[in-house]
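Engineer: build me a model:
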Amino acid sequence: MLATGIRISLNHKSYLREPEGTELGRKIISESIKLIDALGFEHFTFKKLAAEIGSTEASIYRYFENKHKLLVYLVSWYWAWVDYRVTFETNNIQDPRERLHRVLQVISSSNQNDPATTHVDERALHRIVIVEASKVYLTKEVDADNKEGYFLEYKRLCKHVAQIVLQVNPTYPYPHALTSTVLEAAHQQLFFAQHLPTLTNIHGHQHAEAETYAFLKHLIFSAIDHQ
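Structural biologist: Reported below is the predicted structural model:
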């Protein structure tokens, strides 16, 4: 069980004003997750968000320059939260193979609400990440955004897991490539299960979490044990 009352704060250029620091900012985060989950990112607007929070578009623009930067923030928050969970779940585990198993369990079960973050619906945010996360970096501005540090949380998590991979097999030559592939696969396969089922063997039902974990475990340990 995670500690109660944690706060995920991002030192980020995606926002103009840090939203976690005010009641309105937290409401913007909370309601934008619900609205993007319900409407999809393409149909989400600050005008609709303002109506949901009972405020004005101008108040939202004081926090985020545009909706793309809001999405960057939400996805970055998600990766920072996953990294926190990975740290928490592996903190007292000495055996690197067991630590890697715990990492895969965290990655494949990130669709569960965390009682320690009351203003964020992680289940809804997980659905957003599955569908919308690639839009954060599949843009013409990706290099400029990278220089601004927009992807530090994702890269930090990837580095964290890659270090555990190397603890299992110090001679494995592709730890970052393998880790990023596993992180992407965890969400891509769930998307396929829900929408393009002939592209996966994961089923979009109540056993999807266990099946995803089994697939990720096969993928990562097959690679590092039989390079």
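
Engineer: output the contacting helices and strands for the helix or strand hosting Arg156.
Structural biologist: If you go by DSSP states H and E, Arg156 is part of helix 152-168. Packing partners of helix 152-168 (3 or more Cβ pairs under 8 Å, 6 or more residues apart in numbering; DSSP states H and E): helix 67-90, helix 96-108, helix 175-195, helix 208-225. For the C-beta atoms, the positions are set from N, CA and C on the backbone; glycine is no exception.

Engineer: roughly how far apart are Asp145 and Ser14?
Structural biologist: Separation of Asp145 from Ser14 (Cβ to Cβ, to the nearest Å): 9 Å.

Engineer: same thing with Ala177?
Structural biologist: 26 Å.

Engineer: so for those two, which sits in the more crowded spot?
Structural biologist: A direct count of neighbours by other Cβ atoms under 10 Å for Ala177 and Ser14 places Ser14 higher, at 23 against 12.

Engineer: can you check the pLDDT for the more buried one?
Structural biologist: What the model reports for Ser14 is a pLDDT of 92.

Engineer: contacts only, for it.
Structural biologist: Each residue near Ser14 by Cβ atoms under 8 Å, 6 or more residues apart in numbering is listed here: Phe64, Lys69, Leu70, Val72, Tyr73, Ser76, Glu148, Tyr150.

Engineer: which neighbours do Asp145 and Ser14 share?
Structural biologist: Residues within reach of Asp145 and of Ser14 at once, by Cβ under 8 Å, 6+ apart, are Val72.

Engineer: thinking again about what came up before, got the helices and strands packed on helix 152-168 as CSV, with mean pLDDT and distance to Glu20 columns?
Structural biologist: As requested, the helices and strands packed on helix 152-168 are exported to CSV (pLDDT from 0 to 100; distance: least, Cβ to Cβ, whole Å):
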stretch, mean pLDDT, distance to Glu20
helix 67-90, 95, 9
helix 96-108, 95, 22
helix 175-195, 94, 24
helix 208-225, 93, 28
